[in-house]
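Chemist: Sequence plus predicted model, see below.
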Amino acid sequence: MRVAILSSGGKDSAAAWWWAICKGWDVTALITMRVTSGDSMMFQVPGTDIVEHQAKLAKVNWIPINTEGVEDLEIYDLEQELAKINIDALVCGALRSDYQKSRLERMCSRIGIISYTPLWHQSALSHITGLVDNGFGVMITSVACDGLDESWIGKILDQDSLQELIQLSKKYRFNVDGEGGEYETLVVRGPHFDGEIDIVGNVKWHGRRGELIIDKMSVSLDG
């Protein structure tokens, strides 16, 4: 099975990618939608350049696709490029967005490939816990909910911070996996990487929410 991973560089894409690897499939490419307008109904906008570094560390081809993020055109932009690639399936990290899942399924049907969404309706707790347990370096790059202050921005989840996140999610009643927009992530290391991605940036805080403004990304190789 030759597959491509639709990847924004965040935790959901990383989990879907790892799932495909565990299936023994041939991951031939990471596909990243680069939204030039700054907004999209379908795709993550900030930080997606990290996928180029992830691809290098995993020795996988990276295919960036520019789109303006126009609702009826962005899926067409993806479809046009995917049709050129010799793959059997597209793997996506959609968790609960029917809008994203249904559009991807229809697109894949049109070009004769299979659409896989292995995380669909997975338990929020098992999703985020599984990533940390399997050695993924999940960096929180923005927060936008009660209970998460600016100290969380730039933090890479480990067992201790994960337990703290779980307790805060119970106290403040937010989704522990951030699926409601409570926080955004980028993955800086993983069990399939031959190294780690270093991110340098500054926190921009807006009173009750904030984000990491990334200045530089670089790769540190193992050994």
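Modeler: Received, thanks.
Chemist: residue contacts, Glu211?
Modeler: Contact partners of Glu211, counting by Cβ atoms under 8 Å, 6 or more residues apart in numbering, are 46, 141-143, 153, 184, 203-204. Bear in mind the C-beta positions are built from the backbone N, C-alpha and C, glycine included.
Chemist: can you do 7 Å?
Modeler: Residues in contact with Glu211 (Cβ atoms under 7 Å, 6 or more residues apart in numbering) are 141-142, 153, 204.
Chemist: before we move on, what about His206?
Modeler: Contact criterion Cβ under 7 Å, 6+ apart gives no residues in contact with His206.
Chemist: would you list every one of the strands in the chain?
Modeler: 2-6, 26-35, 61-67, 89-92, 114-116, 137-143, 183-189, 195-205, 210-221 (DSSP state E).
Chemist: With adjacent residues omitted, what lies nearest to Ser142?
Modeler: Nearest in space to Ser142, with sequence neighbours left out and distances taken as Cβ to Cβ, 6 or more residues apart in numbering, is Glu211 at 3.7 Å.
Chemist: quick one: low-confidence ranges for this protein?
Modeler: For the chain, the stretches flagged by pLDDT under 70 are 223.
Chemist: same thing but 80
Modeler: In the predicted model, the chain carries pLDDT under 80 at residues 38-39, 41, 44-46, 72, 223.
Chemist: Helices of that one, residue ranges please.
Modeler: In the chain, helices defined by DSSP state H lie at 11-22, 50-58, 74-82, 98-111, 124-133, 159-172, listed in chain order.
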